[in-house]
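Enquirer: sharing a sequence plus its predicted fold:
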Number of protein chains: 2
Amino acid sequence: LEVFAREDFAMSRLLYSVSVSLDGFVAGANQSEANPLGVGGELLHAWMRELSAWRRDALGTDEGFTNASTDVYEDGEDNVGAIIMGRNMFGGGPGPWGSEPWRGWWGDDPPFHLPVFVLTHYSRQTQVCEGETTFAFITEGPDRALELARCAASGRDVAISGGASVAKQFMERGLIDEMTLHLVPVLLGEGVSLFERRIVPEQRWIQSRVVEAPGVTHLTYRFSG
Amino acid sequence: LEVFAREDFAMSRLLYSVSVSLDGFVAGANQSEANPLGVGGELLHAWMRELSAWRRDALGTDEGFTNASTDVYEDGEDNVGAIIMGRNMFGGGPGPWGSEPWRGWWGDDPPFHLPVFVLTHYSRQTQVCEGETTFAFITEGPDRALELARCAASGRDVAISGGASVAKQFMERGLIDEMTLHLVPVLLGEGVSLFERRIVPEQRWIQSRVVEAPGVTHLTYRFSG
């Protein structure tokens, strides 16, 4: 850690962005390997899947739309130098990794192209993939994951890419600097909540950007304490 | 009911607007008669209390601000002809009304100036106040309250003025035509949820208006089924 100046760390923000239903769910009920977003969960990402920009990245095609969401989608990862994700987001089910451990949902060349830090209770060797994606498995908790991610990001931002339980751990610690909610007008009724009914300090955020787009509003907030 | 034409009913929408925290609370924890909004609940209404328009109505003073929230505040009640509220919103605590029943928080001249239908388990004579506010007490449930409110509104809209449990009963029935969330960047952690974790049909809404204003975003949705 000593090779990075303090200023690098001061500039590096912790970001979290997530698609969420009006009733606060980031995934539907009954998540499974076949249906990782749960019942109705795909509705939360429809705004993104329609974008040419997303289709180019994910499907290699140019079909799709360009609208007010495009800038939000493209800005999102502009200055990100490392990623933190939870074990569920990485995948492979709970428990020890086993002898032929799960290698993620994304094949040999995952779309991250960055150092990724996976929070888990089970240690495992760092996995180096094509395209400069590496998965490091962190068993020492969120603070340590953030420290290592900041180090790897070399002054750029760190993004939490999910899931909700990881994001909540950072939020409860007051560590998230900027949060973007892609608020989608659907009620799911049950599923994975972004915000559980927990005691948090009475946190205030500063509304820093609102973008109205077809079928979604992108709301960005900076942490103010 | 026979004196109103069908078209009147078809034009009359059921509206609900409410200030809500990022984590979905419309009031904080530990509500009491002294602190009806609960811990931190006053933060949800700060955007409104700063407006000259609100201060004129509520306090009779012109001090305050005019900003993007002003139109939202003033539009809100433009075409409303009747109001539905819950027993908690009307006040006086739970249970039978007693011999000197509670007359509401608002004194002899309540600010509604409209027929108000209070959902309660305990019947009571209609209370006629100054300034054309009447409180009718409905024990036959939300469908009956809506029928009577629509009748009284004579083709104008009906507004649910709270609280959350009444709004949820109408929402679960798919009866709310338009919902405006005044989304305030604060996390309360606990309190009264706008949306409980309940099974609702997978409802979709159409985002019809987004207004960015200081310290709040006003999000209006129309019910689409």
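Expert: That came in fine, so what should we check first?
Enquirer: and the gap between A:Leu114 and B:Gly92?
Expert: 59 Å (Cβ to Cβ, to the nearest Å). Yep, even glycine has a C-beta here, placed from its N, CA and C like the rest.
Enquirer: those two: which is more packed in?
Expert: For the pair A:Leu114 and B:Gly92, the greater number of neighbours falls to A:Leu114 (22 against 17), based on other Cβ atoms under 10 Å in any protein chain shown.
Enquirer: for the helix of greatest length in chain A, packing partners?
Expert: For chain A, the helix reaching the highest residue count under DSSP state H is reported as helix A:142-153. On a contact count with 3 or more Cβ pairs under 8 Å, 6 or more residues apart in numbering or on different chains; DSSP states H and E, helix A:142-153 meets strand A:80-86, strand A:115-119, strand A:134-138, strand A:157-160, helix A:164-172.
Enquirer: can I get that helix in CSV, CA atoms only?
Expert: Extracted as CSV, the C-alpha positions of helix A:142-153 are listed here (Å, rounded to 0.1, in the frame of the first residue of the first chain):
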residue,chain,number,x,y,z
PRO,A,142,-15.6,-5.3,3.4
ASP,A,143,-13.0,-2.9,4.9
ARG,A,144,-10.2,-5.0,3.7
ALA,A,145,-11.8,-5.5,0.3
LEU,A,146,-12.1,-1.8,-0.1
GLU,A,147,-8.5,-1.2,1.0
LEU,A,148,-7.2,-3.7,-1.6
ALA,A,149,-9.6,-2.4,-4.3
ARG,A,150,-8.5,1.2,-3.7
CYS,A,151,-4.9,0.1,-4.0
ALA,A,152,-5.5,-1.7,-7.3
ALA,A,153,-7.5,1.2,-8.7
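Enquirer: run through who's touching that helix.
Expert: The set of residues that contact helix A:142-153 without belonging to it, under Cβ atoms under 8 Å, 6 or more residues apart in numbering or on different chains, is A:1, A:4, A:8-9, A:12, A:14, A:80-84, A:115, A:117, A:119, A:136, A:138, A:158, A:166, A:169-170, A:173, A:175.
Enquirer: closest to the centroid, which residue in chain A?
Expert: The central residue of chain A, meaning the one whose C-alpha is nearest the mean C-alpha position (Cα atoms, centre = their mean), is A:Ser161 at 1.4 Å.
Enquirer: hang on, A:Leu188 packs against A:Val20?
Expert: No: between A:Leu188 and A:Val20 no contact is recorded; they are 9.8 Å apart, counting by Cβ atoms under 8 Å.
Enquirer: more neighbours: which of those two?
Expert: Just comparing A:Leu188 and A:Val20: by other Cβ under 10 Å the higher neighbour count belongs to A:Leu188, 29 against 25.
Enquirer: so for that one, what pLDDT did the model give?
Expert: Reported pLDDT at A:Leu188 in the predicted model: 91.
Enquirer: then A:Gly60?
Expert: Predicted confidence (pLDDT) for A:Gly60: 84.
Enquirer: and it, how far is that from A:Thr70?
Expert: A:Gly60 is 17 Å from A:Thr70, by Cβ to Cβ.
Enquirer: neighbour count winner among these two?
Expert: Neighbours around A:Gly60 and A:Thr70, counted as other Cβ under 10 Å, are more numerous at A:Thr70. The numbers are 17 against 7.
Enquirer: C-terminal to the least confident helix or strand in chain A by mean pLDDT, what's the next element?
Expert: Every helix and strand in chain A was compared by mean pLDDT, DSSP states H and E; the lowest is helix A:6-11, with a mean of 58. Once helix A:6-11 ends, the next helix or strand along the chain (criterion: DSSP states H and E) is strand A:14-21.
Enquirer: figure out how far the following helix or strand past that next one is from the centre of its chain.
Expert: Of the helices and strands lying after strand A:14-21 in sequence (DSSP H and E), the nearest is strand A:25-27. Averaged C-alpha coordinates place strand A:25-27 at 13 Å from its chain's average position (Cα atoms, centre = their mean, to the nearest Å).
Enquirer: cool, stretch A:51-61 as well?
Expert: The gap between the average C-alpha position of stretch A:51-61 and the chain average comes to 19 Å, counting by Cα atoms, centre = their mean.
Enquirer: same check on stretch A:65-77?
Expert: Offset of stretch A:65-77 from its chain centre (Cα atoms, centre = their mean): 16 Å.
Enquirer: hang on, the earlier thing: how about the longest helix of chain A: buried residues?
Expert: When burial is assessed from 16 or more other Cβ atoms under 10 Å in any protein chain shown, helix A:142-153 yields the following buried residues: A:Pro142, A:Ala145, A:Leu146, A:Leu148, A:Ala149, A:Arg150, A:Cys151, A:Ala152, A:Ala153.
Enquirer: and of the helices and strands packed on helix A:142-153, who's closest to chain B?
Expert: The stretch from the helices and strands packed on helix A:142-153 with the least distance to chain B (Cβ to the nearest Cβ) is helix A:164-172; that distance is 7.7 Å.
Enquirer: what's in contact with the closest one?
Expert: A:14, A:16, A:18, A:26-27, A:84-86, A:88-89, A:119, A:142, A:146, A:160, A:176, A:179, A:192-196, A:198, A:200, A:203, B:187.
Enquirer: next, the angle from it to strand A:80-86.
Expert: When axes from the mean of the first three to the mean of the last three Cα atoms, to 10 degrees is applied, the directions of helix A:164-172 and strand A:80-86 differ by 110 degrees.
Enquirer: quick one: strands adjacent to the following helix or strand past helix A:164-172?
Expert: Going down the chain from helix A:164-172, the next helix or strand is strand A:178-184, by DSSP H and E. Take DSSP bridges as the rule and strand A:178-184 pairs in its sheet with strand A:14-21 (parallel), strand A:216-223 (antiparallel).
Enquirer: can you pull out the low-pLDDT segments for chain A?
Expert: Within chain A, the set of residues satisfying pLDDT under 70 comprises A:1-10, A:197-201.
Enquirer: which bits of it sit near chain B?
Expert: Applying the criterion Cβ under 8 Å from any Cβ of the partner chain, the portion of chain A that neighbours chain B consists of A:22-24, A:39-40, A:43, A:171, A:181, A:183, A:185-190, A:193-195, A:197-207, A:210, A:212, A:215-217, A:219, A:221.
Enquirer: which of the residues you listed are buried?
Expert: If you count burial by 16+ other Cβ under 10 Å, the buried members of the residues of chain A next to chain B come out as A:22-24, A:39-40, A:43, A:171, A:181, A:183, A:185-190, A:193-195, A:197, A:200, A:203-205, A:207, A:210, A:212, A:215-217, A:219, A:221.
Enquirer: let me know whether the residue nearest to the centre of chain A touches A:Ala82 as I believe.
Expert: No: contact criterion Cβ under 8 Å: A:Ser161 and A:Ala82 do not qualify, at 10.4 Å.
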